[in-house]
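**Student:** Let me see the structure of the following:
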Amino acid sequence: MLPPFRAHVDVWVILGSLAAAYLIACRRHAERTGLPVSDRARRLFLIGVAVLWIGADWPIHDLAERYLYCIHMAQHLLFALVAAPLLVAGTPAWLWRDLLRRRIVRRVWRFLTRPLPAIVLFNGVLLFTHWPAVVTLSVHSELSHFLLHTLLLGSAVVMWWPVVSPLPEMPPLTPPGQMLYLFVQSLAPTIPASFLTFGHVPLYPVYGTFPRIWGISVMTDQMIAGLTMKIVGGAILWTVITVVFFRWARRDQTEGWDALQWRDVDAEIRAEMGR
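**Tutor:** Alright, predicted model coming up:
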């Protein structure tokens, strides 16, 4: 049983406008320079927008905000771990340069997207958006709900930058650095996920006031949310780690093992933090 269909026109307008603005910018750039955006970049960006739409529209939105906290958690993972890297990778370098053209913006962005600040920022926002009082506010206020999702998506863009940055002047980490970075990120949610999974009292009383659906109790809902945060979130990150590893291995087979070795990882991370 799904909740009654409810049209979220605001979601359609916002995401439709985002996709349209992207396509118009790409077309104008191609007309001006004769250099079209690659089909791959367009696909990645538009798939990212589609993932946002799936998570923000019926039925996921309605299930997340009116019935089940575990769906709320899955929604946030869709935004942060699926949509965000697609949007970053699908935005061409020239468009990122336009967005970061102001010196102060560029300097702040460069600092935030270092590995340590990026991990701290993203996980701080993740904890904040799942704080019980904040969750209660978000389900009662559409504006707060929108702002929190925007904050989460923005912090996720920062978190993914060291892995998928398309800017040569702000390059991603090398493959070993990316794997180490994502490994640390996969460990970070362990503590909050444990509180949700093994807690003996409801941490989100507001969900106890909602109708029960599919026979899932409040405590079972909370446990599933914790498992979703840890297992599903970890599986996504480890999938990316695996892809990075095999691409790195294939590249080294082609280029030879005089390329970057694991011993260079520590030096690279230190350089990134001190940049």
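**Student:** Tell me how many other residues surround H140.
**Tutor:** 11 (other CB atoms under 10 Å). (Each C-beta comes from the backbone N, C-alpha and C, glycine too.)
**Student:** Check T150 too.
**Tutor:** That count, for T150 with other CB under 10 Å as the rule, works out to 12.
**Student:** Could you check how many residues crowd around T33?
**Tutor:** Under the neighbour criterion other CB under 10 Å, T33 is assigned a count of 9.
**Student:** Sorry, wrong one. I was asking about I236.
**Tutor:** Each residue near I236 was counted by other CB under 10 Å, and the total is 18.
**Student:** Same check on the one 10 residues further on?
**Tutor:** Using other CB under 10 Å as the criterion, F246 is surrounded by 11 other residues.
**Student:** for M219, same thing?
**Tutor:** Look at M219: counted by other CB under 10 Å, it has 14 neighbours.
**Student:** Name the nearest residue to it, sequence neighbours excluded.
**Tutor:** Once flanking residues are discounted, M219 sits nearest to P202: 6.6 Å by CB to CB, 6 or more residues apart in numbering.
**Student:** From A50, how far out is the one you found?
**Tutor:** The gap separating P202 from A50 is 34 Å, by CB to CB, to the nearest Å.
**Student:** which stretches of this structure have low pLDDT?
**Tutor:** Under the criterion of pLDDT under 70, the regions of the chain flagged as low confidence span 252-275.
**Student:** Return the longest helix in it, judged by number of residues.
**Tutor:** Taking residue count as the measure and DSSP state H as the definition, the longest helix of the chain comes out as helix 9-33.
**Student:** show me the contacts for the residue most central in space within the chain.
**Tutor:** To find the centre residue of the chain, average its C-alpha atoms and take the closest one (CA atoms, centre = their mean): that gives A80, at 2.0 Å. If a contact means CB atoms under 8 Å, 6 or more residues apart in numbering, then A80 has 122, 126, 152-153, 155-156, 159 as its contacts.
**Student:** can you rerun that using 7 Å?
**Tutor:** 152, 156 (CB atoms under 7 Å, 6 or more residues apart in numbering).
**Student:** Next: L151.
**Tutor:** By CB under 7 Å, 6+ apart, L151 lies in contact with 125, 129.
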